[in-house]
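[1] next come a sequence and a model predicted from it.
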Amino acid sequence: MQNTITVIDTKQARYDAVADTQKHLRQHGASLCDLLDALDDPAGFEAFCVLHSGLAAPFPDADTVNVALRDIRRIIAAQSASSLERISRERNIYAAEAAQWHGARLSDLIARFRHVG
């Protein structure tokens, strides 16, 4: 009986983590997309596309979503301060602030997946 409850709890936790990611992207996906598009690393936008298509599936795979979130966070974190400053000037956006904010929110979402057995 204990194992059945654990399996259900794990599936629910995976579902909840994916649902939280979907909700976050509905609210903040456009600004994340803008930031990734502005960065020097095209892999960021590609990872965003993987995340978006993974979440668009009828039954999103939690592992795919988690990996895409980690890739995006890694790419944002790899940006140098000088690169973000240049992007801010060229694109007239607050790139450093956006990178910090999105990085923190992505970390929050990734933490939800860590609690998934």
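    Thanks, I have it. Residues are numbered from 1 along each chain as shown.

[2] chain neighbours aside, what residue packs nearest to Arg112?
    Spatial nearest neighbour of Arg112, chain neighbours left out: Ala17 (4.0 Å); criterion: CB to CB, 6 or more residues apart in numbering. For every residue, glycine as well, the C-beta is placed using N, CA and C.

[3] buried stuff in the longest helix along the chain?
    Criterion DSSP state H: the longest helix present in the chain is helix 2-38. Residues of helix 2-38 classed as buried: 13-14, 17-18, 21, 24-25, 29, 32-33, 35-36, 38 (neighbour count, 16 or more other CB atoms under 10 Å).

[4] quickly find the element holding Asp71.
    Using DSSP states H and E, Asp71 sits within helix 62-77.

[5] centre-most residue in this structure?
    Leu69 (3.4 Å; CA atoms, centre = their mean).

[6] relative to Arg89, how far out is that residue?
    Distance from Leu69 to Arg89, counting by CB to CB, to the nearest Å: 29 Å.

[7] Ala111 - how many residues pack around it?
    10 (other CB atoms under 10 Å).
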